[in-house]
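Participant: dropping a prediction and its sequence here:
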Amino acid sequence: MQSTFSRSALSLILTLAVSVLLSGCSVFGVEEDPSTWPVERVYQEARQALNNEDYEVAIDHYESLISRYPFGDYAKQAQLDVAYAYYKFDEPESAISAANHFIKLYPRHERVDYAIYLKGLVRFNQGADNIDSLFKLDPTERDPGSSRESLQYFRELTSRYPDSPYTHDAQQRIIYLHNKLARHEIHVIDYYLRRGAYLAAANRAKAVLVRYQQTPSVVDALQMMVQAYRQLKLDDLAADAQRVLELNFPEYKDS
């Protein structure tokens, strides 16, 4: 009886040891080597990390997949997914680079519209939004470079892919960006006026009327134009600007 038990126990231990070795991990700390995973496994692990908002791990897996398996449908989807992961991980330049790489490699792919839309989103959300909120800063006073680039991408999307599922959202963001950029110009004009640069202020106000029609900032631009021309003693131009202001906004009739 004693020898039979010993043989059974030994058999059980050996079976468990083999199972642990085959599974790739054990109580002794042996772990699987991701470099041995097939492409399907790499993509599944990356996708799971992305869904769990573990963006750094997702990026590592996607980049590994793209490097090891550069061809095929998994590589195509990984290129898009890693762009999104970089965006969510607050790595805007890497996100833009990945999206551009996808567009360059697959210019006729059915999801190029998404890649362009994603580039617009990256630039749209780029900036110190949390800092703006914390310190009650006006985002229209910041460098408008990202907003201009975002506007360019969204316009490209709506022009090239008018039937894209992302076009409606892009159009709404275009309106917002148009207003934001116009407001930034008003801050610049105000700065010129305070510095006594009246000609520069008048010219900048004129540019607002041309570039940002139908925005709330038009009324401010007209008022500032009147002020600048009066300071320059250009009474005729000031009177013309005042007439345009009153014609379009009667509540601003000069008293």
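Facilitator: Received it, and whenever you're ready, just let me know what you need. Residues are numbered from 1 along each chain as shown.
Participant: biggest helix in the protein, by residue count?
Facilitator: Across the chain, the longest stretch assigned as helix under DSSP state H is helix 167-195.
Participant: which strands and helices sit next to that one?
Facilitator: In terms of contacts (3 or more C-beta pairs under 8 Å, 6 or more residues apart in numbering; DSSP states H and E), helix 167-195 is packed against helix 112-124, helix 145-160, helix 198-211, helix 217-231. Using the backbone N, CA and C atoms, a C-beta is placed for each residue, glycine as well.
Participant: tell me what angle that helix forms with helix 217-231.
Facilitator: 20 degrees (axes from the mean of the first three to the mean of the last three C-alpha atoms, to 10 degrees).
Participant: what about helix 167-195, average pLDDT?
Facilitator: For helix 167-195, the mean pLDDT works out to 96.
Participant: residues of it that come out buried?
Facilitator: 167, 170, 173-174, 177-186, 188-189, 192-193 (16 or more other C-beta atoms under 10 Å).
Participant: likewise stretch 143-157?
Facilitator: 144, 146-147, 149-151, 153-157.
Participant: pick out the lowest-pLDDT one from the residues you listed.
Facilitator: Out of these, that is Pro144, at 87.
Participant: I'd say that one and Ala182 touch.
Facilitator: No. Using C-beta atoms under 8 Å, Pro144 is not in contact with Ala182, being 10.1 Å away.
Participant: list the buried residues of stretch 240-247.
Facilitator: The neighbour-count check on stretch 240-247 (16+ other C-beta under 10 Å) flags 241-242, 245 as buried.
Participant: how far does it sit from the chain's center?
Facilitator: Relative to its chain's centre, stretch 240-247 lies at 39 Å (C-alpha atoms, centre = their mean, to the nearest Å).
Participant: contacting residues around it?
Facilitator: 219, 222-223, 225-226, 229, 252-254 (C-beta atoms under 8 Å, 6 or more residues apart in numbering).
Participant: out of the residues you listed, who's the most crowded?
Facilitator: Taking other C-beta atoms under 10 Å as the neighbour criterion, Met225 ranks highest of the contacts of stretch 240-247 with 26 neighbours.
Participant: what's near enough to touch that residue?
Facilitator: 201-202, 205-206, 209, 238, 241.
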